[in-house]
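Enquirer: using only what follows, build the 3D model:
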Amino acid sequence: MALLKKKKTEGAVEKTTKVKKTAAAKKSDKKGISKKASLVLMRPKVTEKTAQFSDKNVMVFEVSPSASKIEIKQAFHEIYGITPLHVNTSNSTGKVVRFGRTLGKRKNSKKAVITLPKNTKLDIFGGK
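Expert: Model prediction:
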């Protein structure tokens, strides 16, 4: 029976702890934006009305229709480094349109109105 039992050596324990430390270091060194965050926030809505909202620390984004308010808040914090105060969402159904004789439908969309803390400036309009 002694042949089947294996003794643990100190070298084996040290090797496993080194592997765990390097794996943890790789996770913390991760830079950039996660794929999930980039799929949640699709694009900013740039209109005259949203440009007026930016003076009041409110940003408007087009988001994924399946995204929740919590996911939108986390994605915004990951991308811009600012934790929003409020996130309000609005669903809009796609309009029915005609292409000649055939009827079609535009896709459904969802927008998020994100309220930022006071004295926070975020320029997404990029004017001169």
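
Enquirer: just the pLDDT for residue 121.
Expert: On pLDDT, residue 121 comes in at 79.

Enquirer: would it count as being in a helix?
Expert: No: Residue 121: not assigned to a helix; according to DSSP: H, G, I helix; E, B strand; the rest coil it is coil.

Enquirer: around it, count how many other residues there are.
Expert: For residue 121, the number of neighbouring residues by other CB atoms under 10 Å comes to 8. (Each C-beta comes from the backbone N, C-alpha and C, glycine too.)

Enquirer: got it, and residue 72?
Expert: Residues lying near residue 72 (other CB under 10 Å) number 23.

Enquirer: now residue 50
Expert: Close neighbours of residue 50, defined as other CB under 10 Å, add up to 18.

Enquirer: and it, that one's in a strand?
Expert: No: under three-state DSSP, residue 50 falls outside any strand and is assigned helix.

Enquirer: residue 104 versus that one, what's the distance?
Expert: Distance of residue 50 to residue 104, computed by CB to CB, to the nearest Å: 27 Å.
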